[in-house]
Structure formats: C-alpha cells, structure tokens
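Enquirer: any chance you can model this:
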Amino acid sequence: MNNILFFLTPKAMCVYLYDDYSLRQALEKMEAAGYAALPILNRNGEYRGTLTEGDLLWGLKNMCYMDMRQAESRRIMEISRRRDNIPVRVTTSMHDLVERSSTQNFVPVVDDKDAFIGIITRRAIIKYCMGTLFPED
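Expert: Take a look at the predicted model:
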C-alpha cells in the first residue's frame, strides 16, 4: 500500500473551523462534533493549524476571563496553540505518514497549492495495520 489517499477522509466529510471564527463559534462547533482537536482553514480552503480543547480552554481563560460575551469578539487565531498538526501532501510515503500519525491523532492532507483536501486519522492507519498484521482466519 503506497497510496495514502486510501486512508483519506475527504474535506466534505470533515469537521473543521475557519480561521475567522470566534472562540464561541469554535467552542460550539467542537462541542457539537465531539472531537478533541479540529483543523483550522482559511476561507480559501488552506490549512492554517489545529485547535485543541486545551488550546480553547486556555484561550478562554486568558483572553475572555470565562465571559462568553467576550468569547464572541475574539478570533481563534488569537489563541496560542500548543502544537499544530503538520500536514502532508498526497505524495507522502506510507512510512512518513505512519511516523507523523504517531504524534498526531489526525494528519491533515493538502494538495500542491496547500488547499486542504481532508484528513487521515490515526484510527484508519491502525485499523489497516491490524488487518495486515493480524488477518482474520
């Protein structure tokens, strides 16, 4: 298996945030989706980073003093993020993809113009490896 697109969850099926979202919008979207981390895109569809629940919590504490009205006027790109998930291109090797997924719960995938096209979850990679290493009898 050398084609990482086999694992891709396309953008149309992903939950993501736009970089102009307010903290409140991000909080509500993250809560509704039930994910602990979401990719951030700009309105051109380019990957800008990753927002985690922890980043959001500290941003609310430090920038809004836990006041939801203030959370409506602050943008998510104002939040200091602990670490962004580093994207890969569709030409990335399986070795590099597996290595990247060992430190990220999802790997953003971008095209040649840095447009976000989807994610590859660690779960999808582990599921494939389990099926390959331990095929059902």
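Enquirer: which residues sit in contact with the residue lying closest to residue 79 once chain neighbours are set aside?
Expert: Distance criterion C-beta to C-beta, 6 or more residues apart in numbering; nearest residue to residue 79, sequence neighbours excluded, is residue 59 at 3.6 Å. Placement of C-beta: from N, CA and C, glycine included. Neighbour list for residue 59: 23, 74, 76, 78-80 [criterion: C-beta atoms under 8 Å, 6 or more residues apart in numbering].
Enquirer: show me what counts as buried in the helix or strand encompassing residue 59.
Expert: Using DSSP states H and E, residue 59 sits in helix 53-59. Buried residues in helix 53-59, counted by 16 or more other C-beta atoms under 10 Å: 55-56, 59.
Enquirer: one more: stretch 100-118?
Expert: 100-101, 104, 106-110, 116-118.
Enquirer: just these: which are in strands?
Expert: When the buried residues of stretch 100-118 are checked against strands (DSSP state E), the matches are 106-110, 116-118.
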